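**Student:** What follows is a predicted structure for the sequence shown.
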2 protein chains.
Amino acid sequence: MTIKQSDTIALSPADVAAATAAEITERDMANAVRALSMDAVQAANSGHPGMPMGMADVATVLFNRFLKFDPAEPHWPDRDRFVLSAGHGSMLLYSLLHLTGYADFTLEELKNFRQFGSRTAGHPEYGHGAGIETTTGPLGQGIATAVGMAIAERMMAARYGDDIVDHKTYVIAGDGCLMEGISHEAIDLAGHLKLSKLIVMWDDNSISIDGPTDLSTSTDQLERFEAHGWNVTRVDGHDPDAVAAAIEAAQGADKPSLIACKTIIGFGAPNKQGTAATHGAPLGDEEIAAARKTLGWTAAPFEIPGDIADAWLHAGGRGGAERTAWAARLAGKAEDVRTAFEAAIAGKVPEAADKALADLIETFAEEKPKLATRQSSQKTIEAVLPAMPALIGGSADLTGSNGTRAKGQPEITADDFAGSYIHFGVREHGMAAAMNGIALHGGFVPYGGTFLIFTDYCRPSIRLSALMGVRVIYVMTHDSIGLGEDGPTHQPVEHLAALRAIPNLNVIRPADAVETAEAWQAALHAEGTPTVLCLSRQGLPTLRSDPSEENLTARGGYVLKDGDKRDVTLIATGSEVAIALAACELLAGEGINAAVVSMPSFELFEAQDAAYQDKVLGDVPCVAVEAAVRDGWDRFIGRKGAFVGMKSFGASAPAGELYEHFGITAEAVASEARRLVG
Amino acid sequence: MTIKQSDTIALSPADVAAATAAEITERDMANAVRALSMDAVQAANSGHPGMPMGMADVATVLFNRFLKFDPAEPHWPDRDRFVLSAGHGSMLLYSLLHLTGYADFTLEELKNFRQFGSRTAGHPEYGHGAGIETTTGPLGQGIATAVGMAIAERMMAARYGDDIVDHKTYVIAGDGCLMEGISHEAIDLAGHLKLSKLIVMWDDNSISIDGPTDLSTSTDQLERFEAHGWNVTRVDGHDPDAVAAAIEAAQGADKPSLIACKTIIGFGAPNKQGTAATHGAPLGDEEIAAARKTLGWTAAPFEIPGDIADAWLHAGGRGGAERTAWAARLAGKAEDVRTAFEAAIAGKVPEAADKALADLIETFAEEKPKLATRQSSQKTIEAVLPAMPALIGGSADLTGSNGTRAKGQPEITADDFAGSYIHFGVREHGMAAAMNGIALHGGFVPYGGTFLIFTDYCRPSIRLSALMGVRVIYVMTHDSIGLGEDGPTHQPVEHLAALRAIPNLNVIRPADAVETAEAWQAALHAEGTPTVLCLSRQGLPTLRSDPSEENLTARGGYVLKDGDKRDVTLIATGSEVAIALAACELLAGEGINAAVVSMPSFELFEAQDAAYQDKVLGDVPCVAVEAAVRDGWDRFIGRKGAFVGMKSFGASAPAGELYEHFGITAEAVASEARRLVG
């Protein structure tokens, strides 16, 4: 068997049949991907054959000649990352993983494409099998996540040496990815940071779902990427040597690279190729038979001829020696560097960080500062950073407002990645996706800040953090009408509810400095769950003057103040806990015993056992107070309970006036309590 | 008084003092804007002086020489639209509106900048006063909304003639606007459609909040816009004649134009200008005094010297004659054209449209089709379109899937705007913002489609639809795990809850064809509220075979099936109503009387009086069923009620298997009902 790399077969699919079994070409290997893709989609009677068939040649060249990977060790830290941003073409990825020998992607899995419980979901799902580097499908997320991976690579290399960290990030992106706004934020940041190891292969097939892309775009993508500081080139995506030459050139560039691969969507399906008909539906038995003929593919569905299978396994075996050499280099590193590298990859919270947090909590409780929780958060970051080098952060151009940067925290630049702070620019969505990529890459725990209102701008990436279960910490400040004069465009009222609705996302709104430090501790330890910290702009008193040994915030909710015999429970979060305490005082003067429950996190509270929850809430009427909409609160207060909060958008005025105007006051809380008790 | 338009004073602020009172220059006029801006921010002790001071010269040239407007008739349909995309610079807009004579923007209002109840909110709020064309503040929204306005202008001109529709859309955008992803979607679409009357003036001051923009971007914006088919130029933003020449050139271009206006942020504040310190905080009394000296501005705070005030009023008076001439041209149009134009501007739903809807509902009820609600929606669009020419639509590249295009509905292109269908491209966010702009422009009721999951991608613009109260109809299909194999990245589980949390947004999830047509009717009549229609991918039986004379969907919730004596209420929406009915049958076999409530819209239901709500829900236990998370449901079912739905993300598999796996079945609903009743 010979693997002929200089396959120069041109566009006509008919030519391909000329290839002989004796001399396996990359076109033969690509046809294996095509056959598996069209057969799996047909078997599932659902899916997207067009993209895998169109990009099979490009992907084959990448996996056969360039990609550094070892299916035997899919988590090898120095592997190249491959991101299928056009996630609907998932059968391309599954075919490649199967053919190159990833254990998780058996032929059986491919036959179960899109079936319940299979590893081969409709779109690639991170965690379903080793070899899937990130979840894609929502367009543009892959390319933006890859930017984070490429940043992480540079930062790891700066810390631990490019003898053990030196890998590339490859992306296959479609027209849709490049039309999405997030692609702008991603490529702008990547160009600025000169992420030269990031190589994007654009499936330039000129087809979108509605038809030709010229129905809706006239952009010169090469010029566009060039404007953002990228190296760009265009090749025939069905000419393996041209693709290989472009990848080689990209590897040598001092900028990120875009390779526009001109392809025919559904390549090989003679009656449908080049049209939107191949995009998102099975080809049908007849067209598949015709495609087999066109491609010269005689094997039965899900069968790969032995010599072609061998050629693919050979490609999958290329990286083994390189990985062994890498392991030897790692073993040869100075003890402290090696240990630090391995600890970073392991991703555990160092004991020293927990100690620093415990000390800070004690200090807060003693000194009782009046700080905005965004300020307490900044102090927490300052305390933890020296003890946890894996912690890195940034802000979407609100550094001072978010309090995300510790004093003296060095920033990264295109010339120096040794720092730990990232100026993400006014790019909330790009920031969130990059954080996902940084977390997925490994070696870091990323946090990033913007205003809570702008969680709307990055919500698709927050959702992916939660769906993938990656530890990303969102530092979201200016969390209510308490921000005052900037008005309703900047005042979140529905965002707490909207975030709490996302599964596997911890939303924590701490009430004071102590809870803020506890919230950070909970976030750092939540290895499989992202956290949104919702922090105040305005100063808040410290309420927890005698902190327990336990992290009470990690319980989600707890009794902050209790009486002898409870008549009513007042529940609050964040800045409104002080209001609940004041209401408690008012009620005490009237002989009504109110307990005050601080409820920084619904999710963490609901993770407690029922007995704990019942004890905290008590078997009495409940009044909840939060400067936000009621949605989600009824689970605690019941249909007959009372809620003091927002019913509309906010307004532009000083914060104090807004609280009065919208009736979020101790008197209003007390009044509701009286009504329920009386 | 002479208005000297050829003001050639160069960058140095010191030169400005040389201007004499006898000869009012545009620099003098601009300084009035600067003085009002810095004084108002100082008085509020909060706000953004840097941008108004930096862009005062550019804005003065625009308002003094070019903008077609008449403060006496701020709603003149053929006025130029002016959008301050960099909405934090609101004092620029308020100053201009005040100085040119808009009645809503008195000096008193300017003195009350950012105070409760004033028209002069922290960011420009649509509806707070005539002259504010759209709400801005969340960066990038303005430029994307302006694209919609410019599309609407072309479409109105194509329908009614460019003798009565011929105006421009001007935008002032900042660095932040151009960094946001939405700007990409907007300028890509604008370039494709060759919106030559769209002129964007970029405040190219090289400063963002964190510091110089080169902390986070290295983009060549001119090259970027050129790649998207724009006409581009760069000018000294403090040289009025250069600015004027650029605007003139832009007016003659056959493409949209970007004018990069090189400015100094905070121009005139001698110690702070050119730095981020002027961006988002008052200058302070000392610096304001120094700025007064630098600018040669001797008037007291909020005082405008008479000759400068006169010059501004003269600018404000320029458009009156043109408006009168326009009115004469409109009056001279053929009766049918004039009537149609006026009806389009008035924006009422034609009687013929309501008749078409009533007929369709009757047909649906009689024929009882089994259709996905996305298909019923398409049939509704097809029924209404001929009767309501103001209805225009599109999709973010999911036309066939969303069912947004009627048979034969003509699309708009760069060469022909006579159609009523827009291929928005894979640009959910840009689509939503453009729809806001189309609605704000007047003359159209826009609808646009994508998958419900991708409401996350356009959520900031949906929020602005709601905050502004504009009639935009979101046609969001594939509304649950019922979409099946595409898996969790495409299956909304938290989106209904997240959308319901937004104030002033009607979320409607119809259960069948009848409810779908009713939902459309409710949406069309909701003049001050946007609507999200949540529609199924999968086929659903028609449940409403004897429709009342009343639009029951507009009630939000109603009893679909009742028994003699109610033991339990089953509440459901959309595709789960059929499941509730099946559960009702199961229970009936056991002697349990269950009522079934269809609850297509929480918001519309909660707008009903308490007696109606109580009657519908009944004084019995409630079980709710919806293929989504529980959040928001507790308000109806109470703390002790039961909910059958999703607790996690979905999965990739055929829809039927997913419903079984996640336990959203008639048996599960019946089982919960038994538990509550027993």
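**Tutor:** That came through, no problem.

**Student:** how distant is stretch A:180-188 from the center of its chain?
**Tutor:** The chain centroid and the centroid of stretch A:180-188 are separated by 15 Å, computed with Cα atoms, centre = their mean, to the nearest Å.

**Student:** swap in stretch A:361-381?
**Tutor:** Per Cα atoms, centre = their mean, the centroid offset for stretch A:361-381 relative to its chain is 29 Å.

**Student:** For that stretch, give me every contacting residue.
**Tutor:** Outside stretch A:361-381, the residues that touch it by Cβ atoms under 8 Å, 6 or more residues apart in numbering or on different chains are A:357, A:360, A:391, A:393, A:401-406, A:447, A:475, A:477-478, A:510-518, A:520, A:533, A:535-542, A:544-547, A:574-575. Where you see a C-beta, it was placed from the backbone N, CA and C, and this is true even at glycine.

**Student:** filter the residues you listed down to the ones near chain B?
**Tutor:** Among the contacts of stretch A:361-381, proximity to chain B is found for residue A:401 (Cβ under 8 Å from any Cβ of the partner chain).

**Student:** End to end on stretch A:295-311, go ahead and measure it.
**Tutor:** 18 Å (Cα to Cα, to the nearest Å).

**Student:** next one: stretch A:446-456
**Tutor:** End-to-end for stretch A:446-456, by Cα to Cα: 19 Å.

**Student:** Also stretch A:108-127?
**Tutor:** 18 Å.

**Student:** Name the residues of that stretch that are buried.
**Tutor:** By 16 or more other Cβ atoms under 10 Å in any protein chain shown, the buried positions in stretch A:108-127 come out as A:109-115, A:118-126.

**Student:** among those, which are in reach of chain B?
**Tutor:** By Cβ under 8 Å from any Cβ, the members of those lying near chain B are A:114-115, A:118, A:121-123, A:125.

**Student:** ok, for residue A:244, nearest residue in space, not its chain neighbours?
**Tutor:** Setting aside the residues directly before and after it, residue A:244 is nearest to residue A:61 in space (Cβ to Cβ, 6 or more residues apart in numbering or on different chains), at 5.2 Å.

**Student:** who's in contact with that neighbour?
**Tutor:** A:26, A:240, A:243-244, A:247.

**Student:** biggest separation within the buried residues of stretch A:108-127, which pair?
**Tutor:** Farthest apart among the buried residues of stretch A:108-127 by Cβ to Cβ are A:111 and A:126. That separation is 22.1 Å.

**Student:** Look up the closest residue to residue A:490, ignoring the ones flanking it.
**Tutor:** According to Cβ to Cβ, 6+ apart, the nearest residue to residue A:490 is residue A:453 (5.4 Å).

**Student:** which SS state does the one you found fall under?
**Tutor:** Following DSSP: H, G, I helix; E, B strand; the rest coil, the label given to residue A:453 is helix.

**Student:** Residue A:488 is in contact with that one, correct?
**Tutor:** No. With contact defined as Cβ atoms under 8 Å, residue A:453 and residue A:488 do not form a contacting pair (9.4 Å).

**Student:** Looking at these two, which is more packed in?
**Tutor:** residue A:453 (26 against 23; other Cβ atoms under 10 Å in any protein chain shown).

**Student:** Would you mind measuring from the more buried one to residue A:492?
**Tutor:** 5 Å (Cβ to Cβ, to the nearest Å).

**Student:** Common neighbours of those two, please.
**Tutor:** residue A:478.

**Student:** those strands in the stretch 451-600 of chain A, which residues are they?
**Tutor:** Assigned by DSSP state E, counting those that start in this stretch, the stretch 451-600 of chain A shows strands spanning A:473-477, A:506-508, A:531-535, A:539-540, A:558-561, A:568-572, A:594-598.

**Student:** From the rest of the structure, what touches the fourth one?
**Tutor:** Under the contact criterion Cβ under 8 Å, 6+ apart, strand A:539-540 has outside partners A:370-373, A:375, A:511-512, A:574-575, A:578.

**Student:** Widest-spaced pair of those residues?
**Tutor:** A:375 and A:578 (15.8 Å).

**Student:** Which one's more surrounded, these two?
**Tutor:** With neighbours defined as other Cβ under 10 Å, residue A:375 and residue A:578 compare such that residue A:375 has more, 20 against 17.

**Student:** helix, strand or coil for the more buried one?
**Tutor:** Quick answer, by three-state DSSP: residue A:375 is helix.

**Student:** same thing with residue A:172?
**Tutor:** What three-state DSSP gives for residue A:172 is strand.

**Student:** residues near it, how many?
**Tutor:** 27.

**Student:** A strand includes residue A:259, no?
**Tutor:** Yes. Judged by three-state DSSP, residue A:259 forms part of a strand.

**Student:** So for the one residue in the stretch 301-450 of chain A that gets nearest to chain B, what's the pLDDT?
**Tutor:** Using Cβ to the nearest Cβ, residue A:425 is the residue of the stretch 301-450 of chain A that sits closest to chain B, at 3.3 Å. In the predicted model, residue A:425 carries a pLDDT score of 98.

**Student:** ok, it - contacts?
**Tutor:** Contacts of residue A:425 by Cβ under 8 Å, 6+ apart are A:185, A:188-189, A:192, A:396-397, B:179, B:208, B:215-217.

**Student:** in the stretch 301-450 of chain A, which ranges drop under the pLDDT threshold?
**Tutor:** The model of the stretch 301-450 of chain A has no residue with pLDDT under 70.

**Student:** Let's see the pLDDT reported for residue A:659.
**Tutor:** On the pLDDT scale, residue A:659 gets 98.

**Student:** What of residue A:663?
**Tutor:** Looking at residue A:663, its pLDDT reads 98.

**Student:** quick one on the thing from earlier: kindly reformat the ones next to chain B among the buried residues of stretch A:108-127 as CSV containing secondary structure.
**Tutor:** What follows is those, written out as CSV (three-state DSSP):
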residue, secondary structure
A:114, coil
A:115, coil
A:118, coil
A:121, coil
A:122, coil
A:123, coil
A:125, coil
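
**Student:** what about the helices in the stretch 301-450 of chain A?
**Tutor:** When secondary structure is read from DSSP state H, counting those that start in this stretch, the stretch 301-450 of chain A shows helices at A:306-317, A:320-331, A:335-346, A:351-367, A:373-384, A:399-402, A:428-441.

**Student:** Number of residues surrounding the residue in the stretch 51-200 of chain A that chain B sits nearest to?
**Tutor:** Nearest residue of the stretch 51-200 of chain A to chain B: residue A:181, at 2.7 Å (Cβ to the nearest Cβ). A total of 29 residues lie near residue A:181 under the criterion other Cβ under 10 Å.

**Student:** In a helix, the residue nearest to residue A:244, correct?
**Tutor:** Yes. Under three-state DSSP, residue A:61 falls within a helix.

**Student:** Taking the contacts of residue A:425, tell me the two that lie furthest apart.
**Tutor:** Put simply, by Cβ to Cβ the two of the contacts of residue A:425 set farthest apart are A:185 and B:215, 15.0 Å from each other.

**Student:** which of the two has more neighbours?
**Tutor:** Between residue A:185 and residue B:215, counted using other Cβ under 10 Å, residue A:185 has the larger neighbour count: 33 against 16.

**Student:** Sheet-wise, list the partners of the one helix or strand residue A:203 maps to with their directions.
**Tutor:** According to DSSP states H and E, residue A:203 maps onto strand A:198-204. For strand A:198-204, the paired strands and their directions (DSSP bridges) are strand A:169-173 (parallel), strand A:257-262 (parallel).

**Student:** hey, C-alpha coordinates of it in CSV?
**Tutor:** The C-alpha coordinates for strand A:198-204 follow below in CSV (Å, rounded to 0.1, in the frame of the first residue of the first chain):
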residue,chain,number,x,y,z
LEU,A,198,-4.5,29.7,14.5
ILE,A,199,-5.4,28.4,11.0
VAL,A,200,-8.9,28.7,9.8
MET,A,201,-10.0,26.7,6.8
TRP,A,202,-13.1,28.3,5.4
ASP,A,203,-15.5,26.0,3.5
ASP,A,204,-16.0,28.5,0.7
